[in-house]
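Asks: sequence and predicted structure, then a few things I'm wondering about:
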Amino acid sequence: MSRKTFSSEDAVAVGPYSHAVEAGELVYLSGQTPIVSKTGNLVEGDITAQTEQCFKNLIAVLTAAGLSTDQVIKVNVFLTDMVNFDAMNKVYQKQFTAPYPARTTIGVKELPLGAHVEIELIAQRD
């Protein structure tokens with residue numbers, strides 16, 4: 001089977017995976033950590049800055065796939081410390097409009113490169 005994939009120069013892959021893969025009407029976006037594409041390093045700052053950078057990366061991939069945040073149907077958020085939930089949620093809420101996508105938030109021990117947050121999306125073509 002041939003995969004239809006999408007990538008963006010404004011997002012960084014830190015392993016052997018595609019930024020996004022299309023399957024029928026669904027587009028699955030790989031998790032994005034808060035890496036700044038121009039430097040290859042994590043964005044400096046707190047969980048707010050890291051969450052904002054995750055969404056910048058994800059929106060770049062959505063755009064490359066011809067999609068927008070209005071087409072996101074599911075979000076998975078991974079946090080290394082659930083104390084950061086409220087701050088992450090404030091940034092998250094600005095990315096979408098009601099009705100919001102379905103979401104799961106999971107506390108994890110650690111993430112690649114020492115990131116404090118990673119976010120993945122599933123979007124559906126209209």
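Replies: Everything's here; your move.
Asks: now do the same contact list for residue 32.
Replies: 11, 54, 57-58, 61, 118-120 (CB atoms under 8 Å, 6 or more residues apart in numbering). To be clear about C-beta, it is placed using only N, CA and C from the backbone, and glycine gets the same treatment.
Asks: per-residue pLDDT, it?
Replies: Note for residue 32: predicted pLDDT of 96.
Asks: what's opposite it in the beta bridge?
Replies: Counting by DSSP bridges, residue 32 is bridged to residue 119.
Asks: what ranges do the strands span in the chain?
Replies: With DSSP state E applied, the chain shows strands at 4-6, 20-23, 26-32, 35-36, 41-42, 72-79, 102-107, 117-124, listed in chain order.
Asks: what helices and strands are in contact with the second one?
Replies: Using 3 or more CB pairs under 8 Å, 6 or more residues apart in numbering; DSSP states H and E as the contact criterion, the neighbours of strand 20-23 among helices and strands are strand 4-6, strand 26-32, helix 47-64.
Asks: save those as JSON lines, and put in distance to residue 107 too.
Replies: JSON lines is the format used below for the helices and strands packed on strand 20-23 (distance: least, CB to CB, whole Å):
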{"stretch": "strand 4-6", "distance to residue 107": "29"}
{"stretch": "strand 26-32", "distance to residue 107": "15"}
{"stretch": "helix 47-64", "distance to residue 107": "13"}
